[in-house]
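> give me the fold of what follows.
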Amino acid sequence: MLQQLKAPKLPFRELDMLVKAIGECRSKAEEDRIIAAEVDTLKQRLSDPKLDKTRGREYMVRVIYCEMLGHDASFAYIPALQLASDPNLLTKKAAYLALTQLLDYQHELVLLLVNTLLSDLKSDNFVVVATALVVCSKLIGPDLINAVLPLVTDRLTHPREAVRKKAVMALHHFYQMDPTKSGALAGMDIERHFRTTLCDKEPSVMAATLNALYSMASASPAQFRQLIPSLTSILKQVVEHRLPKAYDYHRFPAPFIQIKLLKLLRVLGAGDKSASDNMSGIVHLALKRAAAGGNHTIGHAIVYEAVWTITEIYPNPQLLASAAESVAVLLKSNSHNLKYCGLNALAAITRVSPKYAQEHAAAVIDCLEDPDETLKLKTLELLVTMTKSNNVQVVVERLMSFLRSASCGGDEVMRRHIAGQIVDLAEKYAPDTTWFIEVMAEVFEIGGDALSPQLAHNLCRLIAEQDSDLHLTAVKMLIRILDQGGTKTAAAAAAASGSSGGSSSSGVLPEILLNCI
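Numbers count the residues shown, from 1 in each chain. Got it, this is the predicted structure:
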């Protein structure tokens, strides 16, 4: 077997020349010309009855290049199916690789591959078995699951961990093909298989099982809440560095397994106090260890997932306090990406406990000075959620500044969104009527074309209900907008003010408007 895996003594010159030629292309037309010539060559070679199978793997790689660059490679389907049965391991793997790239599980030719897969699943060579399992997870559709399912489930107990891991992946694929278990998986206790592999002594098999359990638990959390003790025990082992060092990444113990466990616990603990209490201790430990592990992106990723888990499970004051403390580090980072994650995390925390918004208000305001427009918009959205009657004037002024900025000027959707947020905040938290009218007038001036005309009529109705001094102030604002060449909606607002004022009991507003205009 090892001899089969050795690299060939002579390089594949034609493949090397193809890759070099593609890399040196200066135009798409030149690339198409090269690939068209390559397709013609491969058609001739693969249709030759005296095909040199020792070069089969090279031909398959060249076919993948042609398909990858947008050219039809259907001529290679049948030759690839034939080479998948080749006894040479490298040729077989190359053929399987080509088939997974050229076909999908709905293609009619996949049926011709089933016998080859069944034969390879029974092989004594674990590499062949693992390769066949990978193909099963790519090309076996709902109609063919029954043909390979018994062999796949049998490979869950294979002595090689690589095979067990691939078998879990294949079984996960089958579940995705039949999530309601009303077809090929009807009557099968697939959950039992995943519970068994979750306790596998090899971390790689356990990690593959987490992906399958996450898919199933997302659809039916209550069915898997009994696994919380096992999952918390696994996370504790991971956090305490009990896994082999091969799973470490920048000195963080198995961070990707930690992230997947946190996501799974988040699904299982949502809305369930008992389940959340059982996992709160280890989630807090994972957050604490990740935050103390150093200033590396993967550590921040664990912190981010832990914070999201804390905000999704049943609220725990101690956990929320720790989460808010950890978010502060992200908000103060020099990285735009980390700041964005911090804002997202803080928004999730404030939805559960609004009091933490005020603690980080200064850091959030600082993000508004960042040159990154996406980050600035995210900050504004968070500020909207943090707005109360005591800070509405500051937040609205920030939103006005963004609405005036060039970055918002060309994006109509964004202008409409920001203008709508200003109107909503002004309606909810306005300290007095005069301030509200001033804000509305300025919104009509800056982004009136992004607002609904009904808002102008509502404003005029409000003005008509006020005293004469406020009438005069409002009319002067609207006339100023007209004099400065304001938007059509602003003009409509001024005109509508006259008609609305006509229905007023005092009749002062229409007289003032007529005198001013």
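
> rest of the way, CA atoms for contacts and neighbours
Noted.

> got the contact list for residue 106?
139, 141 (CA atoms under 8 Å, 6 or more residues apart in numbering).

> then residue 349?
With CA under 8 Å, 6+ apart, residue 349 has these contacts: 307, 311, 320, 323-324, 356.

> show me where pLDDT drops low in the stretch 151-300 of the chain?
The stretch 151-300 of the chain contains no residues with pLDDT under 70.

> one step back: quick one: which two of the contacts of residue 349 are the most distant?
Using CA to CA, the contacts of residue 349 span at most 13.3 Å, a distance reached by 307 and 356.

> the more surrounded of the two?
Neighbours around residue 307 and residue 356, counted as other CA atoms under 10 Å, are more numerous at residue 307. The numbers are 27 against 20.

> next, the more buried one: phi, psi?
phi -60, psi -40 (degrees, to the nearest 10).

> what distance do you get for the residue lying closest to residue 330 once chain neighbours are set aside to residue 160?
Excluding its sequence neighbours, the residue lying closest to residue 330 (CA to CA, 6 or more residues apart in numbering) is residue 342, at 4.9 Å. According to CA to CA, to the nearest Å, residue 342 and residue 160 sit 42 Å apart.

> now residue 205
10 Å.

> between the two, who's got more neighbours?
Between residue 205 and residue 160, counted using other CA under 10 Å, residue 205 has the larger neighbour count: 23 against 14.

> how many neighbouring residues does the nearest residue to residue 431 once chain neighbours are set aside have?
Leaving aside its chain neighbours, residue 431 sits nearest to residue 389 (6.9 Å; criterion: CA to CA, 6+ apart). Using other CA under 10 Å, residue 389 has 12 other residues around it.

> with the one 4 residues further on instead?
Here the count is done by other CA under 10 Å, and residue 393 has 19 residues near it.

> let me know the average pLDDT across stretch 330-348.
Throughout stretch 330-348, pLDDT has a mean value of 89.

> which positions in it come out as buried?
330-332, 336, 338-348 (16 or more other CA atoms under 10 Å).

> after the helix or strand residue 31 falls within comes which helix or strand?
Using DSSP states H and E, residue 31 sits in helix 28-46. Next along the chain after helix 28-46, taking DSSP H and E as the criterion, comes helix 56-68.

> so what's residue 12 scoring on pLDDT?
74.

> is it true that it touches residue 58?
Yes: under the criterion of CA atoms under 8 Å, residue 12 makes contact with residue 58 at 6.9 Å.

> neighbour count: the two, which is higher?
residue 58 (20 against 13).

> and that one, how close does it get to residue 50?
Distance from residue 58 to residue 50, by CA to CA: 16 Å.

> likewise residue 399?
Going from residue 399 to residue 50 by CA to CA gives 73 Å.

> and these two? which has more neighbours close in?
Using other CA under 10 Å as the criterion, residue 399 and residue 50 rank with residue 399 on top: 21 against 8.

> what's near enough to touch that one?
380, 418, 422.

> do that again at 10 Å, thanks
Residues in contact with residue 399 (CA atoms under 10 Å, 6 or more residues apart in numbering) are 377, 380-381, 383-384, 393, 405, 418-419, 421-422.

> ranges for the strands of the stretch 1-150 of the chain?
Listed in chain order, the stretch 1-150 of the chain contains no strands at all (DSSP state E, counting those that start in this stretch).

> any low-confidence regions in it?
Those would be 1-11, if you go by pLDDT under 70 across the stretch 1-150 of the chain.

> farthest pair within the buried residues of stretch 330-348?
336 and 348 (18.5 Å).

> and the least confident of the contacts of residue 399?
For these, the pLDDT minimum is residue 405, 74.

> what about that one, how many neighbours?
There are 11 residues near residue 405, going by other CA under 10 Å.

> oh, and call the first residue 832 from now on, that's how I've got it
Sounds good: first residue 832 from here, last item residue 1236.

> tell me how far it lies from residue 913.
63 Å.

> report the distance from stretch 1000-1015 to the chain centre.
Offset of stretch 1000-1015 from its chain centre (CA atoms, centre = their mean, to the nearest Å): 23 Å.

> can you give me the buried ones in it?
1000-1009, 1012, 1015.

> take these and keep only those in strands.
Using DSSP state E, no member of the buried residues of stretch 1000-1015 falls in strands.

> export those to CSV and tack on distance to residue 1021?
Below are these laid out as CSV (distance: CA to CA, whole Å):
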residue, distance to residue 1021
1000, 13
1001, 12
1002, 8
1003, 9
1004, 12
1005, 10
1006, 8
1007, 12
1008, 13
1009, 11
1012, 9
1015, 11
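
> the nearest residue to residue 887 once chain neighbours are set aside and residue 914: what is the separation?
Excluding the flanking residues, the one nearest residue 887 by CA to CA, 6+ apart is residue 922, at 6.0 Å. In this structure, residue 922 and residue 914 are 7 Å apart, going by CA to CA.

> find the residues that touch each one of these two.
884, 887-888, 891.

> quick one on the thing from earlier: so what sits against both of residue 1138 and residue 1187?
In contact with both residue 1138 and residue 1187: 1151, 1154-1155, 1177, 1180, using CA under 10 Å, 6+ apart.

> residue 902: which of those is nearest?
residue 1177 (47.6 Å).

> OK, contacts around that closest one?
Shown in contact with residue 1177 (CA under 10 Å, 6+ apart): 1138-1139, 1142, 1154-1155, 1157-1159, 1161-1162, 1171, 1183, 1185, 1187-1188, 1191, 1195, 1213.

> can you select the buried ones among those residues for me in ChimeraX?
A single ChimeraX command is used to select the members of the contacts of residue 1177 judged buried by 16+ other CA under 10 Å:
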select :1138,1139,1142,1154,1155,1157,1158,1159,1161,1162,1171,1183,1187,1188,1191,1195,1213
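
> right, and the helix or strand after the helix or strand hosting residue 1153?
For residue 1153, the element it lies in under DSSP H and E is helix 1148-1162. In the C-terminal direction, the helix or strand that comes right after helix 1148-1162 (DSSP H and E) is helix 1167-1183.

> and the next helix or strand after that following helix, what other elements does it pack with?
Per DSSP H and E, the first helix or strand lying C-terminal to helix 1167-1183 is helix 1186-1190. If you count contacts as 3 or more CA pairs under 10 Å, 6 or more residues apart in numbering; DSSP states H and E, helix 1186-1190 packs onto helix 1148-1162, helix 1167-1183, helix 1204-1217.

> give the contact list for residue 1012.
1005-1006, 1018-1021.

> hang on, the residue nearest to residue 1262 in a helix?
No: Residue 1220 is assigned coil when assessed by DSSP: H, G, I helix; E, B strand; the rest coil, not a helix.

> which residues touch it?
Neighbours of residue 1220 in contact, by CA under 10 Å, 6+ apart: 1256-1257, 1259-1262.

> which positions within the helix holding residue 862 qualify as buried?
862-863, 865-866, 869-870, 873-874, 877.
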